[in-house]
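J.: Next one to model:
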Amino acid sequence: MLSAVVVVTFSLLVGGAFLLLVLQSSLISAAWSNLAVRASDVARLLSEEGVRETQSTLTENRRSSEQVQIIDSANHVVAWSIQGLRGDPISALRPAPGKTAKEQQLQRVPALGDDDEVLVSARGVEVHEQHYVVLVAAPLEVQTDTLRTVGLLLLAAAPFLVALVALAVWVLVGQSLKTVERIRRQVAEIDGRRLHERVEVPPTGDEIAALASTMNRMLDKLEDSDSAHRAFFSDASHELRSPLSTLVTTAEVASLDESGKTWLDMQQTVLNESGRMQSLVEDLLTLAKVDAHQLQLDIQDVDLEDVLDSEIKRLRTVSGMQITSELQPVRVRGDERRLTQVFRNLLDNAARHAESMINVRIQRYPGEVVVTVDNDGEIISPQDRDRVFERFARLDASRSSDGGGSGLGLAISREIMVAHGGTVVATEGDGLCRFQVILPAVD
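T.: This is a model prediction of the structure:
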């Protein structure tokens, strides 16, 4: 508020000074115009009536605020408006006939005061081949008094205006700050258990309302993020609980067998559950890096057909599916290890849901490469094709047949593809369930 008062006070001072300068210039300009008109009138009278008649007219029609002299070519005063101007000329201005000149002087002029600043306008005129100069003088007393009066009024009004502005600023800013304080207090009271609450948006439609709306949008994002993290932790705990329970139960049962035979019978179960838990932990770490924007890629040229060929051979050794492929040499820019992870997830997902057949093919288009993975399992419905890429998302129809999947593979695959500037989508084609990976191609 103090800053606003200082700025207003400075503005008033500068504006008042500018106003006085403009007023002074306007008053002096008007005075010059009046003197020039008076000099022209006297000059016309002189040329029409002569010196004697002009002298008589000036004496009879004398104006108290203006004094007139007529000077001949010998620099003698031949006519005057008052007796006190019979002596020396009041100005040295001597314009040519038909010309006008002016000056502003600080000197004593008879009958015009001792210290007044005087304006003088001169008009040259020729009468019967005789050169005369009409001098018209007037003091600036009226203009000076006017400026003084306006200046005093400004000085008297300035404190009142400053006080009025200070009061207005105090009231308006105080009201605005009350609204800001209310918003701050409401936000301060919102904690992790009250993320559903929102601040009140004032109906003013100004910056304060925009601030409140922004705070509410931020709280919406925080609530969504908190809900997503809670769901993620809940699902992660659930997924980890199953292999951990199996391992604990196996250890308890085996510890009761003093012969040790149970350890030998259950070692494959322990290995399977340990591997499942290891895979789940690695997936969770990958997603944590994605969330923290710390997923680092070792970008280099990758022969995509070699990556797919290796993964197809791996799947053939562990699956009884009929796997066909249509591969062609294609090179992309990316992290070979992460791309391998994407296609392993897609092929494993296809193997879990296929009836008997999987087909993989590479297609090259201008500027991009499309890898298609088809299987003859149940086609994903259009409303679920985005949901399958959510974390821990498994469709109800596939839960019973999902052989150990954690629901993270497709989510990780999409995040890795986004980091590569590509994408992965679920669709259908030729009556088959289809997943397509789209990547920028290298020329």
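J.: which helices and strands does the helix or strand where V187 lies pack with?
T.: V187 belongs to helix 141-189 when elements are defined using DSSP states H and E. For helix 141-189, the helices and strands in contact under the criterion 3 or more Cβ pairs under 8 Å, 6 or more residues apart in numbering; DSSP states H and E are helix 2-60, helix 207-256. No exception for glycine: its C-beta is placed from N, CA and C like everyone else's.
J.: Could you point out the helix or strand that follows the last one?
T.: Toward the C-terminal end, the helix or strand that comes next after helix 207-256 (DSSP H and E) is helix 261-291.
J.: Kindly calculate the angle that that following helix makes with helix 207-256.
T.: On the basis of axes from the mean of the first three to the mean of the last three Cα atoms, to 10 degrees, helix 261-291 is oriented at 170 degrees to helix 207-256.
J.: which helices and strands does the helix or strand just after helix 261-291 pack with?
T.: Towards the C-terminus, the helix or strand next in line after helix 261-291, according to DSSP H and E, is strand 300-303. Under the contact criterion of 3+ Cβ pairs under 8 Å, 6+ apart, the helices and strands touching strand 300-303 comprise strand 331-334, helix 336-353.
J.: can you rerun that using 6 Å?
T.: strand 331-334 (3 or more Cβ pairs under 6 Å, 6 or more residues apart in numbering; DSSP states H and E).
J.: in the strand it packs on, what's buried?
T.: 332, 334 (16 or more other Cβ atoms under 10 Å).
J.: what residues does it touch?
T.: By Cβ atoms under 6 Å, 6 or more residues apart in numbering, the surrounding residues in contact with strand 331-334 are 299, 301-304, 369, 420, 439, 442.
J.: thinking again about what came up before, any idea how far the helix holding V187 is from the middle of the chain?
T.: In terms of Cα atoms, centre = their mean, to the nearest Å, the centre of helix 141-189 is found 30 Å from the chain centre.
J.: Determine which of the helices and strands packed on helix 141-189 shows the lowest mean per-residue pLDDT.
T.: Averaging pLDDT over each of the helices and strands packed on helix 141-189 singles out helix 207-256 as the lowest, with a mean of 79.
J.: what angle do that one and helix 141-189 make?
T.: Direction vectors for helix 207-256 and helix 141-189, defined by the same axes, to 10 degrees, enclose an angle of 20 degrees.
J.: neighbours around K313, how many?
T.: Burial measure for K313: 11 neighbouring residues, criterion other Cβ atoms under 10 Å.
J.: What backbone torsions are found at it?
T.: Listed backbone geometry of K313 is phi -60, psi -40, with angles given as degrees, to the nearest 10.
J.: again with E66
T.: phi -130, psi 140.
J.: With adjacent residues omitted, what lies nearest to it?
T.: Excluding the flanking residues, the one nearest E66 by Cβ to Cβ, 6 or more residues apart in numbering is A138, at 4.7 Å.
J.: pLDDT-wise, which helix or strand of the protein ranks last?
T.: Lowest by mean pLDDT, DSSP states H and E among the helices and strands of the chain is helix 396-399, with a mean of 47.
J.: Just checking, which helix or strand succeeds that one along the chain?
T.: Later in the chain than helix 396-399, the nearest helix or strand by DSSP H and E is helix 409-419.
J.: Check which residues of that following helix are buried.
T.: Within helix 409-419, the residues scored as buried using 16+ other Cβ under 10 Å are 409-417, 419.
J.: got it, and stretch 166-178?
T.: When neighbours are counted by 16+ other Cβ under 10 Å, the buried residues of stretch 166-178 are found to be 166, 169.
J.: likewise stretch 374-384?
T.: Counting neighbours by 16+ other Cβ under 10 Å, stretch 374-384 gives 374-377, 379-380 as buried.
J.: Would you check which pair of those lies furthest apart?
T.: Between all members of the buried residues of stretch 374-384, the longest pairwise span (Cβ to Cβ) is found for D376 and I380 and amounts to 13.2 Å.
J.: Next, give phi and psi for the closest residue to Q322 other than its chain neighbours.
T.: The spatially closest residue to Q322, leaving aside those adjacent along the chain, is M357, at 4.8 Å (Cβ to Cβ, 6+ apart). M357 has phi and psi values of phi -140, psi 140 when expressed as degrees, to the nearest 10.
J.: And for M357, the neighbour number?
T.: Other residues near M357 number 15, with proximity taken as other Cβ under 10 Å.
J.: now V424
T.: Residue neighbour count, defined by other Cβ under 10 Å, stands at 23 for V424.
J.: now do L154
T.: Around L154 there are 17 other residues, counting by other Cβ under 10 Å.
J.: re the thing from before, could you dump the helices and strands packed on helix 141-189 into a markdown table with distance to S319 added?
T.: Converted to a markdown table, these look like this (distance: least, Cβ to Cβ, whole Å):
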| stretch | distance to S319 |
| --- | --- |
| helix 2-60 | 76 |
| helix 207-256 | 22 |
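J.: So V360 versus E273, what's the distance?
T.: V360 is 30 Å from E273, where distance means Cβ to Cβ, to the nearest Å.
J.: Who has more neighbours out of these two?
T.: Regarding V360 and E273, a neighbour count based on other Cβ under 10 Å identifies V360 as having more, with 23 against 20.
J.: Surely that one and T324 touch.
T.: No - using Cβ atoms under 6 Å, V360 is not in contact with T324; the gap is 7.5 Å.
J.: rewinding a little: of all the buried residues of helix 409-419, which comes closest to D386?
T.: Relative to D386, the closest of those is R414; by Cβ to Cβ it sits at 9.7 Å.
J.: sorry, back to before: separation between the residue nearest to Q322 and N345?
T.: With Cβ to Cβ as the criterion, M357 and N345 are 19 Å apart.
J.: try N375
T.: 14 Å.
J.: Kindly report the same for I312.
T.: Taking Cβ to Cβ as the measure, I312 falls 14 Å from N345.
J.: between those two, who's got more neighbours?
T.: When neighbours are counted by other Cβ under 10 Å, N345 comes out ahead of the other of I312 and N345, with 23 against 17.
J.: Can you give the distance from stretch 201-211 to the centre of its chain?
T.: Per Cα atoms, centre = their mean, the displacement of stretch 201-211 from the mean C-alpha position of its chain is 17 Å.
J.: Give me the distance between the two termini of it.
T.: Taking Cα to Cα, to the nearest Å, the first and last residues of stretch 201-211 lie 9 Å apart.
J.: What residues sit buried inside that stretch?
T.: Using 16+ other Cβ under 10 Å as the burial criterion, the residues of stretch 201-211 that qualify are 201, 208, 211.
J.: Same list, those residues, but as CSV with distance to R38 please.
T.: Supplementary listing: the buried residues of stretch 201-211 in CSV, determined by distance: Cβ to Cβ, whole Å:
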residue, distance to R38
V201, 70
I208, 63
L211, 66
